[in-house]
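A.B. asks: Here is my input, please return the structure:
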Amino acid sequence: MCGILGHIGREAERPGAQEIQSVLQHRGPDNFGFSRVGNCSFWHYRLSILDTSELGNQPLKSPCGQYTMVFNGEIYNYRKLRKDHALPCVSNSDSEVVLLLYQKMGVKMLSLLQGMFSIAIWNKNNESLFLARDRMGIKPLFYTQNPNGFFFSSEIKGLKALTPLVPSNKYLGDYLSLGFVPETNTFYNGVYKVRPGQYIQIENQQVSHHDYYVLHDVFHKKPALSKSYGQAKNQLRKLLYQGVEERLISDVPLGCFLSGGIDSSLVASIAQNIHGSPLKTFSIGFEENMFNESVFADHVAQHIGSDHYNKMFDQGHLIDIFSNYLALVDQPFGDTSLLPTSLVSQFAREHVTVALSGDGGDEGFMGYGMYTWAQRLSNPYLAMAGRIAKPVVDAFGASRYKRAFGLFGPHDKEQRQRHIFSQEQYLFSEVEVANLVVENKGLSPCPPLPSWMIAQEKQAFFDYSWYLPDDLLVKVDRASMASSLEVRVPLLDHRIVEFAIGLPLSWKKRKSVTKYILKDILFDHVPEGLFNRPKQGFSVPLAQYIKGPLRPWVEQYLKDDVVRNHGWVFPSLVEQYKRRFFERGEEYLYHRIFLLAMLHQWLEKEKQRT
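C.D. replies: I've put the predicted structure just below:
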């Protein structure tokens, strides 16, 4: 796992060598490498995982001398690829396999790679650059182009170290309704993300975009089902074992996150079965009992026989790490589970360099409550009843009912999945965004969804398309890499994702039991009684914190003059939201307050840079 940074263009005046060396050092503290070939400069920050010797350092040059590469990620089938293609490797690193495959077959090699990655390869013969990102978007890659050249980086802060960036309010509505900016877009003019499953070629200052994997295209037609439930369960079990086993390859200490929930428990139990000797597992707990699952993690760890580490944190730890929140993500970002993810990453890094995570199980196996709401809103009679009752609830209902009935609020049918997501996450509705934003530039259209899917499946596909790559995986990457910890996500192996999407809904959800087939496999490993409790997310008591220790932060960045000076949203409406939350007891507005304060903190910091 690493950080990568690059520039095509004439050598311009840049920050000092020490600043360049430190800008992404958290992503790769073990080695720093630089290469200048023709008009291309590459910087590489290495976190040594496979072949920790100097042979694994980058930038890496091909034996023919034509190609230079910087690579971030892990290719889990690299040994098989090396053997099958008789590659003349001199190291035991997966990065060398990637470069030699590219030298041998060009972009076709992408379809062979099993893993997570961002890749940059310079061809000195025709002075072209090749960029690529893994199928599910696990590893990040940003780029921008201006008169000074073409720039790319693992994080936006890397781009900032090389070229000035200008804030943009074009996707403000997306941020307010989702908590993140989706697709290829960012909060900066001309700064984009390489999309999951995409590669980009840059030659003669021309940029061309190409898809080598599009999940929608894989499921454009409804897959044929030829298996019984028992056959499907056995096939899924094999895929899970394969995915986990591949991700246990490491030349440095490795462990698993273990929250005590379904997904992390499944990954940890399979990993322990494969590993044999006690595998290190990690959980954290909080003083607030309703946000503390660590006792359940202890029970799971005891049953599977892992070497378990647990650490309790208090409010002070979360507030301390919050001071670095914006620096982690570089732009406004609304997922506050970044905070506990940062804490568990710091804790795990004291013992291991690699950790397996359970991310991806909810989307594939119907784990979120919003999928039930998708089903409800697809029922015209229930939707009509909710719309009729909503004005009464808004006028006289308690805070919890006002929040719930927000789902029955007006919205564009084409934005149905966004609407459900925003209201389940306590974010701004489409109507609220239109009223709040000074220069309302509309919302990005929802990603294309397979027409054969029913409402619940479409909502899950929306999450695969946007929520995972642009929120959850961003959170995991930034939180873990800030502590120089590599996190692997076996449930997002594209073979598992494809298999899960193709399963009948009744095998993923039976009556009120979500993730049915996944739980069925888990309970073959761990007693079902350990999970007889409501689902808990990996979150913090944000409403309590905003009313308590974070209130000075809110007041600082949502002062009338601050909001008015930046002019992105209407100050009078910001004041209304604050009064409703702090004075009228409408606690469900806490996430809206957080988004607005985070936005203005970022705007203030950007103003200081200019």
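
A.B. asks: Per-residue pLDDT of residue 295, please?
C.D. replies: On the pLDDT scale, residue 295 is placed at 83.

A.B. asks: no wait, residue 533
C.D. replies: 66.

A.B. asks: List the buried residues in stretch 443-454.
C.D. replies: Within stretch 443-454, the residues that qualify as buried by neighbour count (16 or more other C-beta atoms under 10 Å) are 443, 444, 446, 447, 449, 450, 453. Using the backbone N, CA and C atoms, a C-beta is placed for each residue, glycine as well.

A.B. asks: CA-only coordinates of it, as PDB, when you get a sec.
C.D. replies: Taking Å, rounded to 0.1, in the frame of the first residue of the first chain, the C-alpha atoms of stretch 443-454 are listed here in PDB:
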ATOM      1  CA  LEU A 443     -28.200  17.700  -8.400                       C
ATOM      2  CA  SER A 444     -26.200  15.200 -10.300                       C
ATOM      3  CA  PRO A 445     -28.400  12.600 -11.900                       C
ATOM      4  CA  CYS A 446     -28.500   9.300 -10.100                       C
ATOM      5  CA  PRO A 447     -26.400   6.500 -11.500                       C
ATOM      6  CA  PRO A 448     -28.000   4.200 -14.100                       C
ATOM      7  CA  LEU A 449     -29.800   1.300 -12.400                       C
ATOM      8  CA  PRO A 450     -30.700  -2.100 -14.100                       C
ATOM      9  CA  SER A 451     -34.300  -1.900 -15.100                       C
ATOM     10  CA  TRP A 452     -35.100  -5.400 -14.100                       C
ATOM     11  CA  MET A 453     -34.400  -4.800 -10.400                       C
ATOM     12  CA  ILE A 454     -37.100  -4.100  -7.800                       C
END
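
A.B. asks: now it: how far from the chain's centre is it?
C.D. replies: Put simply, stretch 443-454 sits 20 Å off its chain's centre (C-alpha atoms, centre = their mean, to the nearest Å).

A.B. asks: before we move on, what about stretch 442-452?
C.D. replies: 19 Å.

A.B. asks: Now do the contacts for residue 477.
C.D. replies: Contacts for residue 477 (C-beta atoms under 8 Å, 6 or more residues apart in numbering) come out as 138, 139, 140, 487.

A.B. asks: for residue 113, that is, sorry about that
C.D. replies: Residues in contact with residue 113 (C-beta under 8 Å, 6+ apart) are 75, 77, 81, 98, 134.

A.B. asks: returning to what we had before: pipe the buried residues of stretch 443-454 into CSV and attach secondary structure and pLDDT per row.
C.D. replies: Shown next, in CSV, are the buried residues of stretch 443-454 (DSSP: H, G, I helix; E, B strand; the rest coil; pLDDT from 0 to 100):
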residue, secondary structure, pLDDT
443, coil, 95
444, coil, 95
446, coil, 94
447, coil, 95
449, coil, 95
450, coil, 94
453, coil, 95
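
A.B. asks: circling back to that earlier point, nearest to residue 610, of the contacts of residue 477?
C.D. replies: Among these, residue 140 lies closest to residue 610 (C-beta to C-beta), at 25.2 Å.

A.B. asks: Just the helices from the stretch 401-550 of the chain, written as ranges.
C.D. replies: Taking DSSP state H, counting those that start in this stretch to define them, one finds helices in the stretch 401-550 of the chain at 416-424, 430-436, 455-462, 473-481, 494-502, 505-508, 516-522, 542-547.

A.B. asks: Report the angle between the third one and helix 416-424.
C.D. replies: Between the direction of helix 455-462 and that of helix 416-424, the angle (axes from the mean of the first three to the mean of the last three C-alpha atoms, to 10 degrees) works out to 80 degrees.

A.B. asks: that older thread, sort out for me which of the contacts of residue 477 are in strands.
C.D. replies: Using DSSP state E, the subset of the contacts of residue 477 located in strands is residue 487.

A.B. asks: Show me just the buried residues among the contacts of residue 477.
C.D. replies: Buried members of these, counted by 16+ other C-beta under 10 Å: 138, 139, 140, 487.

A.B. asks: nearest to residue 285, of these?
C.D. replies: Proximity of these to residue 285 (C-beta to C-beta) peaks at residue 487, which lies at 19.6 Å.

A.B. asks: ok, now how distant is the closest one from residue 512?
C.D. replies: Using C-beta to C-beta, to the nearest Å, residue 487 is found at 31 Å from residue 512.

A.B. asks: returning to that earlier point: next step: the contacts of residue 113 restricted to helices.
C.D. replies: Of the contacts of residue 113, the ones assigned to helices by DSSP state H are 81, 98.
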